[in-house]
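1. test case, fold it:
(one chain, ligands or ions: 1)
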Amino acid sequence: MCDRWDIGGLSTAFHHQTGRPTVFIYDGHPGGVGITRAGFDAFERLVEDAMRLISECPCRAGCPSCVQSPKCGNLNEPLNKNGAVELLRRVQDA
Ligand SMILES: [Zn+2]
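-> Numbers count the residues shown, from 1 in each chain. Next comes the predicted model:
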């Protein structure tokens with residue numbers, strides 16, 4: 001079982017500690033409950049599932065069913081469905 005509030009994320013086009021575009025994913029509860037560890041172990045399958053979910057969504061530019069999040073600190077702006085697919089494709093190839 002997992003609620004969307006159990007996990008958090010932060011993405012940036014450049015992070016000074018990594019020197020590259022970076023996505024941080026973290027447990028949403030202080031001390032964690034192990035969700036990010038489980039996600040790390042299943043990362044390839046999760047990327048495949050996300051790619052399939054977004055690619056098969058019938059919307060044109062992104063919707064709450066595929067790429068929008070009610071937790072997004074930027075109010076889902078900018079948002080790019082094709083960009084999400086491209087990002088996942090590059091993650092798979094990395
Ligand atoms: Zn959609």
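
2. pretty sure Trp5 contacts Lys71?
-> Yes - using C-beta atoms under 8 Å, Trp5 is in contact with Lys71, at 7.4 Å. For glycine as for every other residue, the C-beta is placed from the backbone atoms N, C-alpha and C.

3. name the residues contacting each of the two.
-> Shared contacts of Trp5 and Lys71, defined by C-beta atoms under 8 Å, 6 or more residues apart in numbering, are absent.

4. comparing those two, which residue is more hemmed in?
-> Lys71 (12 against 9; other C-beta atoms under 10 Å).

5. would you say the more buried one is within a strand?
-> No - assignment of Lys71 by DSSP: H, G, I helix; E, B strand; the rest coil gives coil, placing it outside any strand.

6. and it, how far is that from Arg45?
-> For Lys71, the distance to Arg45 equals 22 Å [C-beta to C-beta, to the nearest Å].

7. then Arg60?
-> Arg60 is 27 Å from Arg45, by C-beta to C-beta.

8. and if you look at Ile35?
-> 15 Å.

9. wait, what's in contact with Ile35?
-> Ile35 neighbours (C-beta under 8 Å, 6+ apart): Cys2, Asp6, Ile7, Asp27, Gly28.

10. format those as CSV; extra columns: pLDDT and secondary structure.
-> Formatted as CSV, these follow (pLDDT from 0 to 100; DSSP: H, G, I helix; E, B strand; the rest coil):
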residue, pLDDT, secondary structure
Cys2, 76, coil
Asp6, 88, helix
Ile7, 89, strand
Asp27, 93, strand
Gly28, 89, coil
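
11. can you say which of those residues are buried?
-> Ile7, Asp27, Gly28 (16 or more other C-beta atoms under 10 Å).

12. residues contacting the last one?
-> The neighbourhood of Gly28, defined by C-beta under 8 Å, 6+ apart, consists of Trp5, Asp6, Ile7, Gly8, Ile35.

13. and the last one, what's its pLDDT?
-> Spelled out, that is Ile35. pLDDT recorded at Ile35 is 90.

14. near the ion, which residues of this protein are found?
-> Within the chain, the residues that sit near the ion (C-beta under 5 Å from the ion) are Cys57, Cys59, Cys63, Ser65, Cys66.
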